[in-house]
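>>> coordinates only, no sequence provided:
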């Protein structure tokens, strides 16, 4: 069962749904999420990665998805977008420009989720449909915020359209819907060893 606007407000007021800072408005069944400070925008430093691959005698750009550990990998190769307008993603003052085929990570300003104990809600993150029609793809996969998890959500942002997108801190970038689960899970996300539990940066190091 998905929560309506009145149920969303009630859940936040009761503390069984975490949205911090609290939303200024709530749609009929969703809550908007905003981009965090520009310093949390990150891109992959493929040049550094390829230098390490070459030094190890390995083919460039290949990444063994089934074996890499994000929490160790991300702090090493995630860097701020350069101030170089020849790149697919670059910083221009207080803006991030994403050209077609560009990709970056940025997190939500809001901490969202549910309490560590007694959680009976799960959240789903989606992009905004009007933005998607321009080719802006937000949060490529894993839309579920599981019961008992909370943190700032890292968003995978890609430009599949013909425009160069301009993003700034505070822009509405995604939304959450919330559903009730049939019972409180036996195991919470902290006990399950979630890498991103309580994350406060896109590299999951905090």
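Here it is on my side, so go on. Computed from a predicted structure; not experimentally measured.
>>> can I see the domain layout of the chain?
Structural domains assigned to the chain are 1-42+81-206, 45-79, following automatic domain parsing.
>>> please identify the most buried of the ones you listed.
Highest mean neighbour count of the domains of the chain: domain 1-42+81-206, a mean of 17 (counted as mean count of other Cβ atoms under 10 Å). Bear in mind the C-beta positions are built from the backbone N, C-alpha and C, glycine included.
>>> dump the domains of the chain to JSON lines, plus mean pLDDT.
Output for those, formatted as JSON lines (pLDDT from 0 to 100):
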{"stretch": "domain 1-42+81-206", "mean pLDDT": "91"}
{"stretch": "domain 45-79", "mean pLDDT": "92"}
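>>> need phi/psi at residue 108.
Residue 108 has phi and psi values of phi -80, psi 150 when expressed as degrees, to the nearest 10.
>>> show me what it is bridged to.
Assessed by DSSP bridges, residue 108 has beta-bridge partners residue 35.
>>> I'd say it and residue 36 touch.
Yes: with contact defined as Cβ atoms under 8 Å, residue 108 reaches residue 36; the gap is 6.1 Å.
>>> what's the overlap in contacts for those two?
Residues touching both residue 108 and residue 36 by Cβ atoms under 8 Å, 6 or more residues apart in numbering: residue 152.
>>> contacts only, for the residue lying closest to residue 131 once chain neighbours are set aside.
Of all residues not flanking residue 131 in the chain, residue 138 sits nearest, at 7.3 Å (Cβ to Cβ, 6 or more residues apart in numbering). Residues near residue 138 by Cβ under 8 Å, 6+ apart: 126-128, 131-132, 155-157, 173-174.
>>> what residues are bridge-paired with residue 138?
Bridge pairing for residue 138 - DSSP bridges - gives residue 157.
>>> hang on, the earlier thing: nearest to residue 51 among the contacts of residue 138?
Among the contacts of residue 138, residue 156 lies closest to residue 51 (Cβ to Cβ), at 24.2 Å.
>>> might you report the residue contacts of the closest one?
103, 105, 137-141.
>>> rebuild the residues you listed as CSV, extending it with distance to residue 93.
What follows is those, written out as CSV (distance: Cβ to Cβ, whole Å):
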residue, distance to residue 93
103, 21
105, 20
137, 24
138, 22
139, 26
140, 27
141, 31
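>>> would you mind measuring from residue 24 to residue 155?
20 Å (Cβ to Cβ, to the nearest Å).
>>> return the residue of the protein that is most distant from the centre.
residue 57 (33.2 Å; Cα atoms, centre = their mean).
>>> so who does it touch?
Under the criterion of Cβ under 8 Å, 6+ apart, residue 57 has no contact partners.
>>> show me what contacts residue 119?
16, 147-148, 184-185, 188.
>>> same thing but at 6 Å, please
By Cβ atoms under 6 Å, 6 or more residues apart in numbering, residue 119 lies in contact with 147-148.
>>> ok, residue 174 next?
When the contact criterion is Cβ under 6 Å, 6+ apart, the partners of residue 174 are 33, 125, 127, 138-139.
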